[in-house]
Structures are given as structure tokens and as C-alpha cells.
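>>> 3D model of this:
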Amino acid sequence: MLAQATSRLAELDAAVARVAAGTYGRCEVCGLPIGEARLAARPAARTCIDHA
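A predicted model of the protein is given here:
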């Protein structure tokens, strides 16, 4: 359980870094916007649904 929580915190830290960099909400593979529904379900998502 600790490893899972640590992993989740790392994902959220990475999302915060993307917000600061201005890249949050953009797919890391294709650069297109990540859909609002995907971000609502997984706020730390790094890729669009096509590249998930």
C-alpha cells in the first residue's frame, strides 16, 4: 500500500510540474490536448486516450 501511495504522489507531483511548465493537459506523445473527461477521471494523466 505504501508503494502505491508513493507512486500516486509522484504522479501528482509530476502533474503539478506540468502545470508550472504550461504543459498540463497536453499529451506527452502527440502534443494534442487531453480530453476534459479524461483529466476529470485521471487528473495526473500524461497522455491522451489514443496514447494511453
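>>> list the contacts for E36?
Contact partners of E36, counting by CB atoms under 8 Å, 6 or more residues apart in numbering, are absent. Where C-beta positions appear, they are placed from N, C-alpha and C, glycine not excepted.
>>> Leaving out chain neighbours, which residue sits closest to E28?
Nearest residue to E28 in three dimensions, chain neighbours excluded: R46, at 4.8 Å (CB to CB, 6 or more residues apart in numbering).
>>> Give me the distance between the one you found and L12.
Counting by CB to CB, to the nearest Å, the separation of R46 from L12 is 12 Å.
>>> try D50
Distance, D50 to L12, by CB to CB: 23 Å.
>>> Any buried residues in the host helix or strand of R38, and which?
Take DSSP states H and E as the rule and R38 turns out to sit in helix 36-41. Across helix 36-41, burial judged by 16 or more other CB atoms under 10 Å covers R38.
>>> Use 17 as the first number from now on
That works, and once the first residue is 17, the last one we named lands at helix 52-57.
>>> What mean pLDDT does that helix get?
Mean pLDDT, taken over the full extent of helix 52-57, equals 97.
>>> Next: stretch 27-39.
Averaging the model's pLDDT scores along stretch 27-39 yields 97.
>>> Output it as CSV, nothing but the C-alphas.
Output of stretch 27-39 as CSV, limited to C-alpha atoms (Å, rounded to 0.1, in the frame of the first residue of the first chain):
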residue,chain,number,x,y,z
GLU,A,27,2.3,11.2,-10.4
LEU,A,28,0.6,14.2,-8.8
ASP,A,29,4.0,15.9,-8.3
ALA,A,30,4.7,15.4,-12.0
ALA,A,31,1.3,16.9,-12.8
VAL,A,32,2.0,20.0,-10.7
ALA,A,33,5.3,20.4,-12.5
ARG,A,34,3.5,20.2,-15.9
VAL,A,35,1.1,23.0,-14.7
ALA,A,36,4.1,25.1,-13.8
ALA,A,37,5.7,24.4,-17.1
GLY,A,38,2.5,25.2,-19.0
THR,A,39,2.2,21.7,-20.5
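>>> and it, which residues are buried?
By neighbour count on 16+ other CB under 10 Å, the buried set for stretch 27-39 is A31, R34.
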